[in-house]
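J.: Sharing a sequence plus its predicted fold:
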Amino acid sequence: MLVDQKFEKWIEGLSENYKKAQIKAAVHVNGELIKFYFELGKEITKTSYKATYGSKFYDILSGELKKRLPNIKGFSARNLYYCEAFYTKYKEILPQLGAKLLLVPWNHHKKIMEKCKGIDEAVFYVELVAESNLSRSELESRISSNAYGRSENTLNNFEKTLPVKDDFKNHLMKDPYNFDFLTIREDYDEKELKDQLTRNIESFLLELGNGFAYVGKEVRLFLGRTEMYCDLLFYNIPNHCYVVIEIKTSSFKPEHMGQLIGYTATIDATLKGEKDNPTIGLLVCRDKDDVLAKHVVNTMNVPLGISEYQLANLIPDKFKSSLPRIEELEELEKN
């Protein structure tokens, strides 16, 4: 199809914009590419040539851009659709989000646009990738496990107890935590659950989120004349703080928080460095009364959160006699 001279001139301008951005086929500066795609999407959104050429517009534009920039990838008709969708999705919130958009690779952006319907969900994953440097497979895993939905209604007091400038606090916890990677008997107790979590520490770290480093289980803490042992201790690298997790196989009780506060205070006094943020305490329990839990956590002046957990792979007790005991498995690992 022949194109008119004005359309050719418009396309030539798009090509020149690309050259001015000094983006090469093997682009190393991701931010410049994202800026260009945003501006390209803006031009496509506003042009009247879409009405002129109808359904063939994207194919024609793709062909003309490839003709002028023959060695450059990224000008397929499908990618041009993505550019338009990219501009349309983020144009209203660009001032708040701008810098973070530039830190996210284009293929990550495409996955977010494919999977996220609402703008709040898309922004959640953009911020998560920008802050945690997630790979595309890690991003896909977070989306498929509904990390956004499980972070949306978490019970915590981070807004008032952690530095306001630290946006990563919005991604520090989920509710519920998904422990479906565990296989455990129906009548399990806290020791078995903690043992299983630490035996599957790699999966547990993935579920916690990016940036968590495992410190230990039943970590001995000592302050004054008091000795105590916290269930699980982690260090969150992006947030520069210790995170102590207390596991409860029972329903939430307000007294659980007193124990957790004792751990956070002791860690702050004995382990926390000068440049570390305050220690975060996280209670993970079987279930909770959200109204009660919210009121309890909001009365606390140290960073605390309360989440539930879910399990799917429970083995009926009648089969437990045929399974090796934990002690037997530990003995096998030694040999």
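T.: Okay, I see it.
J.: quick one: the helices in the stretch 101-250 of the chain?
T.: 106-115, 119-132, 136-144, 147-152, 158-161, 190-199, 201-208 (DSSP state H, counting those that start in this stretch).
J.: The residue nearest to residue 47 when sequence neighbours are not counted: neighbouring residues, count only.
T.: The shortest distance from residue 47 to any non-neighbouring residue, by C-beta to C-beta, 6 or more residues apart in numbering, is to residue 10 (6.9 Å). (Each C-beta comes from the backbone N, C-alpha and C, glycine too.) If you count neighbours by other C-beta atoms under 10 Å, residue 10 ends up with 17.
J.: looking at it, residue 10 is touching residue 49, isn't it?
T.: Yes: the criterion here is C-beta atoms under 8 Å, and residue 10 meets it with residue 49 at 6.9 Å.
J.: Name the helix or strand for the residue nearest to residue 47, please.
T.: helix 5-20 (DSSP states H and E).
J.: likewise residue 37?
T.: helix 30-46.
J.: quick one: average pLDDT of that helix?
T.: Mean pLDDT, helix 30-46: 90.
J.: Mind listing what's buried along the helix or strand just after that helix?
T.: Once helix 30-46 ends, the next helix or strand along the chain (criterion: DSSP H and E) is helix 49-53. For helix 49-53, a neighbour-count test (16 or more other C-beta atoms under 10 Å) marks 49, 53 as buried.
J.: From the contact counts, what lies against helix 49-53?
T.: Here helix 49-53 touches helix 5-20, helix 57-68, going by 3 or more C-beta pairs under 8 Å, 6 or more residues apart in numbering; DSSP states H and E.
J.: State the distance from the residue nearest to residue 47 to residue 62.
T.: Residue 10 sits 14 Å away from residue 62, going by C-beta to C-beta, to the nearest Å.
J.: quick one: the residue nearest to residue 47 from residue 32, how far?
T.: Noted for residue 10: a distance of 22 Å to residue 32, by C-beta to C-beta.
J.: Check residue 75 too.
T.: In terms of C-beta to C-beta, residue 75 sits 16 Å off from residue 32.
J.: between the two, which one's more packed in?
T.: Higher neighbour count among residue 75 and residue 32: residue 75, with 22 against 16, using other C-beta under 10 Å.
J.: That one: what's its closest spatial neighbour, skipping adjacent residues?
T.: residue 65 (4.2 Å).
J.: Tell me which residues touch that neighbour, please.
T.: 11, 14-15, 75 (C-beta atoms under 8 Å, 6 or more residues apart in numbering).
J.: which among the residues you listed end up buried?
T.: Buried among the contacts of residue 65 by 16+ other C-beta under 10 Å: 11, 14-15, 75.
J.: how about these in a markdown table, adding distance to residue 233 and pLDDT?
T.: A markdown table is the format used below for the buried ones among the contacts of residue 65 (distance: C-beta to C-beta, whole Å; pLDDT from 0 to 100):
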| residue | distance to residue 233 | pLDDT |
| --- | --- | --- |
| 11 | 59 | 80 |
| 14 | 54 | 83 |
| 15 | 56 | 81 |
| 75 | 51 | 90 |
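J.: Could you check how far the residue nearest to residue 204 when sequence neighbours are not counted is from residue 314?
T.: In space, and not counting its chain neighbours, residue 204 is closest to residue 197: 5.0 Å by C-beta to C-beta, 6+ apart. Distance check for residue 197 against residue 314: by C-beta to C-beta, it reads 15 Å.
J.: same thing with residue 77?
T.: Distance from residue 77 to residue 314, by C-beta to C-beta: 49 Å.
J.: re the thing from before, may I ask which two of the contacts of residue 65 are separated the most?
T.: Greatest spacing in these, by C-beta to C-beta: 11 and 75 (10.6 Å).
J.: List the contacts of the spatially most central residue of the chain.
T.: Geometric centre of the chain, nearest residue: residue 128, 4.4 Å, by C-alpha atoms, centre = their mean. Residue 128 makes contact with 134, 139, 142, 147, 171, 210, according to C-beta under 8 Å, 6+ apart.
J.: Among those, which one lies nearest to residue 40?
T.: Distances from residue 40 to the contacts of residue 128, taken by C-beta to C-beta, are shortest for residue 139, at 23.1 Å.
J.: Now do the same contact list for the closest one.
T.: 108, 111-112, 125, 128-129.
J.: let's see it at 6 Å
T.: 108, 129 (C-beta atoms under 6 Å, 6 or more residues apart in numbering).
J.: go on, residue 177?
T.: With C-beta under 6 Å, 6+ apart, residue 177 has these contacts: 207, 284, 307, 309.
J.: In helices, which of those residues appear?
T.: Using DSSP state H to define helices, the subset of these located there is residue 207.
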